[in-house]
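J.: Provided below are the primary sequence and the corresponding predicted coordinates.
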Amino acid sequence: MRASLCVLTAAALVVGLSLERPAFIKAAPGQTQDARPLFSVSSELVVLNVTVRDKGNRYLDGLQREAFSVFENDQVQPVRFFLHEDAPVTIGLLIDNSGSMQPNRDLVLAAANAFAKTSNPQDDLFALAFNEEVHQALASESPFTHDPIVLRDAMEHAVTTRGRTALYDAVSRGLEYVDQGSHDRKVLVVVSDGADNSSIQSFEEIVKKTQASNVTLFAVAIVDPADSFQPWKKLRDLAEVTGGELFHPNNVKQVNDVLLRIAQEIRHTYVMAYEPTQTVPANGIRRIRVEVQSPNKQKITVRTKAGQASATVKREARGNSSDGR
């Protein structure tokens, strides 16, 4: 009997990659990891970050490349790049620094510190504090850190909780900042208690910029989901186009648990890419279907990004090349 399948449809972001130094190529004795033999292919790839959960909502780890099938416009696509391991990530924390956050400041910073402590020791970490302006927490000469204590101290000085909220400008700055990190996987985590009321850039501009990136965005909205104003919907939309997620803690004391859940999500992600066999459609959207074969015929759920390619982003990727080249 055929094993059960979970099917996910998405409009995938098109990203141009230069595949060099895949992880399966080991460094020769005496070489550093960055000195590994090179594997160079220049091509346009569609990249997907995929999480798989079982019927108990537990992460389904250990699936092999053969368990995944990717289709574009109903045509099967050979997977060229596949990675599932706790590889280092470039992670940015974007913390709302407006005056309304003052009562929540200490709890949010404690939660952010707990989140950083769960990171891979090789993760590139940074933080931005935003009110009507966006400020980087770390010094310009050392824009990233591997040390959660260094990040904690920097956030303590940067988060002063005053002013208004330039959320969209903060996301824009975060997308630019995270792209300077040394790791292929890139994540932004936004924590905010309100709607944007001070940005120079519009929501539409930020959606377009987010869709053109290869960043996964998670958002934590410290607002009442029943609020008729519903400012959190914009955060939800930004997260969903990247394959991320919006979280609604019932109160600020639950932010710690939410951030730790996001940390787990980051560490349980399959990364895969294929080289399209078709040209970009006229509307710029590649319709993707991902089928995941369940090993025990159990019901599973899959999440990946859905986005519209508005630009080609050139970047470097490392991982297991499924064709062995």
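T.: Yep, it's here. The shown structure was predicted, so the numbers you read here are calculated from the model rather than taken from an experiment.

J.: doesn't residue 138 fall inside a helix?
T.: No - applying DSSP: H, G, I helix; E, B strand; the rest coil, one finds residue 138 to be coil, outside a helix.

J.: Identify the bridge partners of residue 59.
T.: residue 53 (DSSP bridges).

J.: Quick one: residues contacting the spatially most central residue of the chain.
T.: Taking CA atoms, centre = their mean, the centroid of the chain lies closest to residue 216, which sits 1.9 Å from it. Residues in contact with residue 216 (CB atoms under 8 Å, 6 or more residues apart in numbering) are 49, 185-188, 242-244, 266, 269, 305. No exception for glycine: its C-beta is placed from N, CA and C like everyone else's.

J.: Please, which helix or strand holds it?
T.: strand 215-221 (DSSP states H and E).

J.: tell me which residues of that strand are tucked away?
T.: Buried residues in strand 215-221, counted by 16 or more other CB atoms under 10 Å: 215-221.

J.: Show the pLDDT at residue 93.
T.: Looking at residue 93, its pLDDT stands at 98.

J.: Same question for residue 5.
T.: In this model, residue 5 carries a pLDDT of 54.

J.: about what we covered before: quick check: the residue nearest to the centre of the chain vs residue 244, distance?
T.: Separation of residue 216 from residue 244 (CB to CB, to the nearest Å) stands at 5 Å.

J.: pLDDT below threshold where in the protein?
T.: Along the chain, the parts satisfying pLDDT under 70 run over 1-44, 224-229, 280-284, 306-325.

J.: the helices in it, which residues?
T.: For the chain, the helices defined by DSSP state H cover 105-117, 148-158, 167-178, 203-211, 232-241, 255-267.

J.: got TSV for those, with distance to residue 291 and mean neighbour count too?
T.: Below are the helices of the chain laid out as TSV (distance: least, CB to CB, whole Å; neighbours: other CB atoms under 10 Å):
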stretch	distance to residue 291	mean neighbour count
helix 105-117	33	19
helix 148-158	38	17
helix 167-178	30	23
helix 203-211	24	18
helix 232-241	21	20
helix 255-267	21	18
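
J.: so residue 289 makes contact with residue 71?
T.: Yes - Residue 289 lies in contact with residue 71 (CB atoms under 8 Å); the separation is 4.3 Å.

J.: on that earlier part again, looking at the helices of the chain, which is nearest to residue 84?
T.: Smallest distance to residue 84 across the helices of the chain (CB to CB): 10.5 Å, for helix 255-267.

J.: export the closest one as PDB, just CAs?
T.: What follows is helix 255-267, C-alpha atoms only, in PDB (Å, rounded to 0.1, in the frame of the first residue of the first chain):
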ATOM      1  CA  VAL A 255       6.600  35.600  25.300                       C
ATOM      2  CA  ASN A 256       9.400  33.500  26.700                       C
ATOM      3  CA  ASP A 257       7.600  30.300  25.800                       C
ATOM      4  CA  VAL A 258       6.700  31.600  22.300                       C
ATOM      5  CA  LEU A 259      10.300  32.600  21.600                       C
ATOM      6  CA  LEU A 260      11.600  29.200  22.700                       C
ATOM      7  CA  ARG A 261       9.000  27.600  20.400                       C
ATOM      8  CA  ILE A 262      10.400  29.700  17.500                       C
ATOM      9  CA  ALA A 263      13.900  28.600  18.500                       C
ATOM     10  CA  GLN A 264      12.800  25.000  18.100                       C
ATOM     11  CA  GLU A 265      11.200  25.700  14.800                       C
ATOM     12  CA  ILE A 266      14.500  27.100  13.500                       C
ATOM     13  CA  ARG A 267      16.400  24.000  14.500                       C
END
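
J.: That helix to strand 215-221, inter-axis angle?
T.: On the basis of axes from the mean of the first three to the mean of the last three CA atoms, to 10 degrees, helix 255-267 is oriented at 160 degrees to strand 215-221.

J.: how near is residue 117 to residue 137?
T.: Distance of residue 117 to residue 137, computed by CB to CB: 16 Å.

J.: Residue 90 too?
T.: The value you get for residue 90 to residue 137, if CB to CB is used, is 15 Å.

J.: These two: which is more packed in?
T.: residue 137 (25 against 22; other CB atoms under 10 Å).

J.: residue contacts, that one?
T.: Residue 137 touches 126-129, 151, 154-155, 157-159, counting by CB under 8 Å, 6+ apart.

J.: Equivalent analysis for residue 246, please.
T.: 218-221, 232, 235-236, 239-240.

J.: again, 10 Å this time
T.: Residue 246 makes contact with 190, 217-221, 225, 232-240, according to CB atoms under 10 Å, 6 or more residues apart in numbering.
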